[in-house]
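Student: All I have is the shape, not the residue letters:
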């Protein structure tokens, strides 16, 4: 089945172009950390020593500084929505085309989890005008000063696309209020890595998915080179995955004291530590049939791995393999048989 998807991507002009663009980006991200200047050496609780590289954080998470600027979320103008739509439309197009390789059914009722501003759901609703698209997220993790503007922006996006078949509700997938067998399709982007109880998540997804319904979920795993996101990306490769909690906090206090509160909270509460092996087991335990788990493996990142990188991570997380370290994007395609 995976070979069928790859063959389809290569035979499709639009997707082939996107694949080439992605490969070009991969080449520019072929980090050779040996060229970076060492500014210090950190020693963990087991006396492992790692060199800290100047500029590594910017290579892994370009523009990370903007996260700490505390700029208020502004009201979206039409041009802002157009830019957002351009950024994410490829996700929706790819999802539609890949799902068509597994089924020819029409998805009448659709649920997006972790939707934030609903832009992806709005694009999908504009393409599937005969479908009812439900977009759900929880606002409690946003700062209070931001919530009202985020809610207004959701309405502006819905108005911009002119979609009456899109609705938004406060919704936590680990405690879903939806009925059994309600949705023909569930989907998400960059959400699963933040769900604290993944087993409950997939059990609820299974419960609310109709028989013969599908799930399409793309995420950025914790154990990939950029899986620490902005707050938890340190100054040596896979630092977020190879340090214990106490060492991580020690690191922040020494090198990033001004970021300590936000970074430690994000690291402890907003990122799960689910390996690819564990993810597959969660899905199977919930009852779903797995059509594919597609890993966008970045072999060029082998340059960043030292002789003890994997062993340092496995000391804390035994189920991790080299696949986890080299797969920053994973796509899951599942069905409720």
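Tutor: That came in fine, so what should we check first? This structure is a prediction, so every number in the text was calculated from the model and none was measured.

Student: what helix or strand is residue 187 on?
Tutor: When elements are assigned from DSSP states H and E, residue 187 belongs to strand 183-189.

Student: and that strand, what other elements does it pack with?
Tutor: helix 78-99, strand 109-113, helix 198-208, strand 209-219 (3 or more C-beta pairs under 8 Å, 6 or more residues apart in numbering; DSSP states H and E). C-beta: built from backbone N, CA, C; applies to glycine.

Student: Which of these has the highest mean neighbour count?
Tutor: Neighbour counts (mean count of other C-beta atoms under 10 Å) averaged over each of the helices and strands packed on strand 183-189 peak at strand 109-113, with a mean of 25.

Student: Next, the angle from that one to helix 198-208.
Tutor: Orientation of strand 109-113 against helix 198-208 (axes from the mean of the first three to the mean of the last three C-alpha atoms, to 10 degrees) gives an angle of 170 degrees.

Student: In its sheet, which strands sit next to strand 109-113, and in what direction?
Tutor: Paired with strand 109-113 in the same sheet, following DSSP bridges, are strand 132-137 (parallel), strand 183-189 (parallel).

Student: quick one on the thing from earlier: any chance of the helices and strands packed on strand 183-189 in a markdown table, with distance to residue 122 too?
Tutor: Output for the helices and strands packed on strand 183-189, formatted as a markdown table (distance: least, C-beta to C-beta, whole Å):
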| stretch | distance to residue 122 |
| --- | --- |
| helix 78-99 | 8 |
| strand 109-113 | 10 |
| helix 198-208 | 21 |
| strand 209-219 | 17 |
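
Student: Residue 317 is nearest to which of these?
Tutor: Proximity to residue 317 (C-beta to C-beta) singles out helix 198-208 among the helices and strands packed on strand 183-189, at 14.4 Å.

Student: Would you map the strands across the chain?
Tutor: Per DSSP state E, the chain has strands spanning 38-43, 49-53, 109-113, 132-137, 166-170, 183-189, 209-219, 289-296, 329-335. These are given in chain order.

Student: Nearest residue to the middle of this protein?
Tutor: Nearest to the mean C-alpha position of the chain, counting by C-alpha atoms, centre = their mean, stands residue 190 at 2.2 Å.

Student: Tell me the predicted confidence for that one.
Tutor: The pLDDT attached to residue 190 in the predicted structure is 97.

Student: got a list of what it touches?
Tutor: By C-beta atoms under 8 Å, 6 or more residues apart in numbering, the contact set of residue 190 is 114, 218-220.

Student: Distance check, residue 65 against residue 40.
Tutor: Residue 65 sits 20 Å away from residue 40, taking C-beta to C-beta, to the nearest Å as the criterion.

Student: Likewise for residue 140?
Tutor: 38 Å.

Student: more crowded one of the two?
Tutor: Neighbours per residue (other C-beta atoms under 10 Å) separate residue 140 from residue 40, with residue 40 holding more: 12 against 9.

Student: Fine, thanks again, bye for now.
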